[in-house]
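Novice: sequence first, predicted coordinates after that:
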Amino acid sequence: MNDLTPARLRALKRDATVRPFDLAAQLGLPEAALVEAELGHGATRIVPAPSRLIPAVRSLGEVMALTRNISCVIEKIGTYNDFHDGDHAAMTLDPEIDLRLFPRHWVHAFCLEAPSPDGPRRSIQVFDAAGDAVHKVHLRAGSDLDAWDALRRDLALPDGEGLSDFVPRAAAEGARANPDRADALRAEWAQMTDTHQFNTLLRRLKMNRLGAYRTVGAPHARPLAVAAVVRMFDAIQAQGRQVMLFVGNMGCIQIHSGTFQNVKTMGPWLNVLDPRFDLHLRADHVAEVWLVDKPTRRGSALSVEAFAASGELIFQCFGMRADKGGDPDAWARLAGALPGGDAA
């Protein structure tokens, strides 16, 4: 597609009736290429490191934070408070903007200002080495525009006009199991005292999340019907259940803590449309659902987890802890009532 010059991409983007994510897929390009086409035309290349970027984003005040994978998009309104930096992992711990950030995947970042009938739309967009979106920040009517101007100026990169050589997107790993270590998996699983020990366990036994679930068996993990996802969303809304929903990609995980007030299905999309929280899930992408029980010092950490046919994790949903206002027993009843993997 040598005819896809930056000028041509800008024209295609102006005339598109789909979102940039879908337009990029149609063109066979990484989404970041569409943003780079705007360099000098509303886009500014900026420092991508969370250690520099997130404190500057906090100065913007109230914004909308967006994280996605290929099957699910989560959007939360709030402020980027309580940032904790780290070389391998960083986080914000605000009740609304609750993020886990993995800096090695924050490779390309841009400030983008685009015209619209309602006035300029301003955003910060971060991408990985393949040009896939990691995290986005959209300014709102009350965001601080002086802070926006300062962010663009202070974080601008000197080589901001050049185009990137994006690396090929890594293939989905699929389920990676190690059946010879099944007994060790069950024994060590039962000894966990914190959910964060799970990833260490997987690395030691040379498995990944989905491979471990398929291997360990009940009572630690049991398959649910794909229909369990819609049932769960409806039950959370009907019961006013407090949950923690995790949606992310390799570079960012975004967490919603609270209820689902307005669940709506629109075609293949299962949506939550709440005042300061939106979720958009391609329910037709869900190929496997698991009910997972991990022991912790505080008791059982029970989650419902959905995976795509590729084996990629789409979302995880946990009941809110009792010390955070949740009802673990009610969550266990809700999750336990979901249809099993042999259900129609």
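Specialist: Good, I have the coordinates.

Novice: L279 is in what secondary structure piece?
Specialist: strand 277-282 (DSSP states H and E).

Novice: what comes up buried for that strand?
Specialist: Using 16 or more other CB atoms under 10 Å as the test for burial, strand 277-282 gives 277-282. To be clear about C-beta, it is placed using only N, CA and C from the backbone, and glycine gets the same treatment.

Novice: how far does stretch 243-259 stretch from start to finish?
Specialist: One end of stretch 243-259 sits 6 Å from the other (CA to CA, to the nearest Å).

Novice: check the gap between the most centrally placed residue in the chain and F166 for me.
Specialist: Nearest to the geometric centre of the chain sits G248, at 2.0 Å (CA atoms, centre = their mean). To F166, G248 is 21 Å away according to CB to CB, to the nearest Å.

Novice: walking through the stretch 201-344 of the chain, point out its strands one by one.
Specialist: Secondary structure of the stretch 201-344 of the chain (DSSP state E, counting those that start in this stretch): strands at 221-224, 243-248, 252-258, 263-266, 269-274, 277-282, 286-296, 299-308, 313-319.

Novice: and what of the stretch 1-150 of the chain?
Specialist: Using DSSP E, counting those that start in this stretch, strands in the stretch 1-150 of the chain cover 43-46, 63-68, 72-78, 83-84, 90-93, 98-101, 108-114, 121-127, 133-139.

Novice: sorry, back to before: any chance of the strands of the stretch 201-344 of the chain in a markdown table, with mean pLDDT and distance to S59 too?
Specialist: Output for these, formatted as a markdown table (pLDDT from 0 to 100; distance: least, CB to CB, whole Å):
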| stretch | mean pLDDT | distance to S59 |
| --- | --- | --- |
| strand 221-224 | 97 | 43 |
| strand 243-248 | 98 | 24 |
| strand 252-258 | 98 | 20 |
| strand 263-266 | 98 | 34 |
| strand 269-274 | 98 | 26 |
| strand 277-282 | 98 | 23 |
| strand 286-296 | 97 | 36 |
| strand 299-308 | 96 | 35 |
| strand 313-319 | 98 | 30 |
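
Novice: between those strands, which one is closest to A11.
Specialist: strand 277-282 (27.5 Å; CB to CB).

Novice: which neighbouring elements make contact with the closest one?
Specialist: With contacts defined as 3 or more CB pairs under 8 Å, 6 or more residues apart in numbering; DSSP states H and E, strand 277-282 has these neighbours: strand 72-78, strand 252-258, strand 269-274.

Novice: relative to G131, which of the ones you listed is closest?
Specialist: Comparing the helices and strands packed on strand 277-282 under CB to CB, the one sitting nearest is strand 252-258, at 15.2 Å.

Novice: so what touches the closest one?
Specialist: Outside strand 252-258, the residues that touch it by CB atoms under 8 Å, 6 or more residues apart in numbering are 65-67, 74, 76, 95, 98-102, 105, 126, 134-135, 242-248, 277, 279, 320, 324.

Novice: could you check the angle strand 277-282 makes with it?
Specialist: Angle of strand 252-258 versus strand 277-282, following axes from the mean of the first three to the mean of the last three CA atoms, to 10 degrees, is 120 degrees.

Novice: hmm, back to that, of the strands of the stretch 201-344 of the chain, which is nearest L139?
Specialist: strand 277-282 (16.4 Å).

Novice: so what are the sheet partners of that closest one and their directions?
Specialist: Taking DSSP bridges as the criterion, strand 277-282 forms sheet pairs with strand 72-78 (antiparallel), strand 269-274 (antiparallel).

Novice: and the contacts of that strand?
Specialist: For strand 277-282, using CB under 8 Å, 6+ apart, the contacting residues are 71-77, 229, 245, 247, 256, 258, 260, 268-272, 314-315.

Novice: before we move on, the earlier item: just the buried members of the contacts of strand 252-258?
Specialist: Buried residues within those, counting neighbours by 16+ other CB under 10 Å: 65-67, 74, 76, 98-102, 105, 126, 134-135, 242-248, 277, 279, 320.

Novice: returning to what we had before: rebuild the buried residues of strand 277-282 as JSON lines, extending it with distance to L202.
Specialist: Output for the buried residues of strand 277-282, formatted as JSON lines (distance: CB to CB, whole Å):
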{"residue": "F277", "distance to L202": "30"}
{"residue": "D278", "distance to L202": "31"}
{"residue": "L279", "distance to L202": "27"}
{"residue": "H280", "distance to L202": "29"}
{"residue": "L281", "distance to L202": "25"}
{"residue": "R282", "distance to L202": "26"}
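
Novice: which one of those residues is nearest to G174?
Specialist: Looking across the buried residues of strand 277-282 and measuring by CB to CB, the closest to G174 is R282, at 19.0 Å.

Novice: beta partners of that closest one?
Specialist: On the basis of DSSP bridges, R282 is bridged to W269.
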